[in-house]
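Undergrad: this one's structure only:
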């Protein structure tokens, strides 16, 4: 197995990375608040990244709306936002480095091709599960045109030092975690068939560029972590610490999201919105006249919560 990437070091740097596909909702405020509180509890910096690589889904005016919502809640970043739409050259350089190292290859497969591969073998995956890539194009395109670029999860067959077996990591809230990426996901996409950059590559490159030491985000993204760790190792960039937060659930139990009709935040009373998000994070009720006063009390309360996380996750 390749050696683990060096842990990120230096002063704490956290980030919140919304996609401008619409205004923030109750679930996204939990992620924003949790990441802001964690940065302040560590005396660190809190940065913003606008994840606007998926341009067809971006909504005009959404970025400004998000920044306005954060400001209304007193959540102001310590630097101007980084926009992924301006980061194409950095992602291209990372892809070229992976290709040169034998860790990336072109793929001609469509989603239907992948589904047909498994169907021919009598394998069906649940609708909510990711269908693993079977490695069809690892040995070449067989005369078909390339559509996308994939990361080679286990490169032992190329003579390059490989990454095999489960990826282990420690989540500050959830404790020890592991996933065998080769079995659960397979070789994953770095650049999509439409030319857009995949989330996994962009987030790893940008976390390294911004010097992020701690990623605090919703626990629905926890299963992305092992893929990002593999990319960190392959690119030789530091691995941040991870803390995955509880989610806001819709009435049917699914994660609240824009895709299932989450309503935009009601910020007529920002303190009430903060208190609702804080309740999901485990904060006690805080009486305050405004967002600034509420946040000032929430920081030490969060420090106590993360101290309890640390004790529990070491057991």
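TA: Perfect, I can see it now. Note that the structure is predicted; figures quoted are calculated from it, not measured.
Undergrad: contact partners of the strand or helix carrying residue 300?
TA: Applying DSSP states H and E as the criterion places residue 300 in helix 291-313. Residues outside helix 291-313 that contact it (Cβ atoms under 8 Å, 6 or more residues apart in numbering): 33-34, 36-38, 40-41, 72-75, 170-176, 243, 270-271, 274-275, 278, 281-284, 286, 288. For glycine as for every other residue, the C-beta is placed from the backbone atoms N, C-alpha and C.
Undergrad: ChimeraX command to pick out the buried ones of the residues you listed?
TA: For the buried members of these, the matching ChimeraX selection, counting by 16 or more other Cβ atoms under 10 Å, is:
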select :33,34,36,37,38,40,41,73,74,75,171,172,173,174,243,270,271,274,275,278,281,282,283,286
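Undergrad: out of the contacts of helix 291-313, list just those in helices.
TA: 33-34, 36-38, 40-41, 72, 270-271, 274-275, 278, 281 (DSSP state H).
Undergrad: which one among those residues gets closest to residue 192?
TA: residue 34 (29.3 Å; Cβ to Cβ).
Undergrad: what about the residue nearest the centre of the chain, is that helix, strand or coil?
TA: Nearest to the geometric centre of the chain sits residue 221, at 5.5 Å (Cα atoms, centre = their mean). Three-state call for residue 221 (DSSP: H, G, I helix; E, B strand; the rest coil): helix.
Undergrad: which ones are touching it?
TA: Shown in contact with residue 221 (Cβ under 8 Å, 6+ apart): residue 244.
Undergrad: sorry, back to before: how about the ones in helices among the contacts of helix 291-313 in TSV, adding distance to residue 301 and pLDDT?
TA: Shown next, in TSV, are those (distance: Cβ to Cβ, whole Å; pLDDT from 0 to 100):
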residue	distance to residue 301	pLDDT
33	12	98
34	12	98
36	13	98
37	8	98
38	12	98
40	11	98
41	9	97
72	21	97
270	18	97
271	15	97
274	12	98
275	12	97
278	8	97
281	9	97
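Undergrad: which two among those residues are spaced furthest apart?
TA: In terms of Cβ to Cβ, the ones in helices among the contacts of helix 291-313 reach their longest pairwise distance at 41 and 72, which sit 21.9 Å apart.
Undergrad: which residues of this protein fall in strands?
TA: Assigned by DSSP state E, the chain shows strands spanning 13-16, 45-50, 82-83, 104-107, 148-151, 167-171, 175-179, 189-191, 214-218, 241-245.
Undergrad: quick check: which of those strands is nearest to residue 138?
TA: Closest of these to residue 138 is strand 104-107, at 6.5 Å (criterion: Cβ to Cβ).
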